[in-house]
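J.: when you get a sec, could you give me coordinates for this:
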Amino acid sequence: MLRFFRRICAPAALGLIVAIAPATAHCAEPDPKPDTYLCPHATGGAVDCFLHAVEHLYTMCRQVKSIEIIEFGYEKSTEGTNGAKSEYCVDKHRLSITRPYQSALREATPNRTAVDGVRALYDFWLKALAELKWVPGESDAEYKARIAKPYVVFTERASAVRAVLVASSDKAGTAAGKDKGKSATAAAAPPRPKSAN
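T.: A predicted model of the protein is given here:
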């Protein structure tokens, strides 16, 4: 019976392990792609994902609010449960942006200016979400103009963060190049002859 197990079952078990191992190894690898739901237009790392997510998630909640206004009118868009969908959208995305925000802070950490820029953009985004509600007495044109303004700020602040990161990356690359050049020059220099005293 033991011989039967060694001849038949052992190779089958080994084959099963070999078949499963690549699948489990693949599952253990981190996914380098950004989250396509939160930042569908991002092409870079965590900071790029966050910068795209801010605008994308604001747009999602803005559209939900617009539907409520179309359905109930400005005056009644916040009465009772009429504004429940937009409130849910804001609450949901305050939570869903947490991971991209924290990842962006970690990625930007060596650069204090970039970290401050990410934080300021996050704070402005929270304020913009809270201000999606219609203000009594506001005309249709005034409301639409007001809720469109955050896009300009999102773009300006995202561009500033990107510029700071590119500048610090260029400085780091230049410094590394200079250090490499110095070490290459030192290695290429001929040894000095010893003085005969």
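
J.: what's near enough to touch Lys76?
T.: Neighbouring residues of Lys76 by CB atoms under 8 Å, 6 or more residues apart in numbering: Asn82. No exception for glycine: its C-beta is placed from N, CA and C like everyone else's.

J.: apologies, that question was intended for Ala130.
T.: Val90.

J.: what's the distance between it and Val54?
T.: According to CB to CB, to the nearest Å, Ala130 and Val54 sit 14 Å apart.

J.: need the residues that contact stretch 93-104.
T.: Contacts of stretch 93-104 (CB under 8 Å, 6+ apart): 35, 38-39, 46-47, 49-51, 53-54, 57, 60-61, 118, 122, 125-126, 129.

J.: which SS class is Arg106?
T.: Counting by DSSP: H, G, I helix; E, B strand; the rest coil, the backbone at Arg106 sits in helix.

J.: cool, the one 4 residues further on as well?
T.: On the three-state scheme (three-state DSSP), Pro110 is labelled coil.

J.: residues near it, how many?
T.: Applying other CB atoms under 10 Å, we find 10 residues neighbouring Pro110.

J.: same deal with Thr78?
T.: Using other CB under 10 Å, Thr78 has 19 other residues around it.

J.: correct me if wrong: it contacts Val135.
T.: No - in this structure Thr78 lies outside contact range of Val135 using CB atoms under 8 Å: 10.4 Å.
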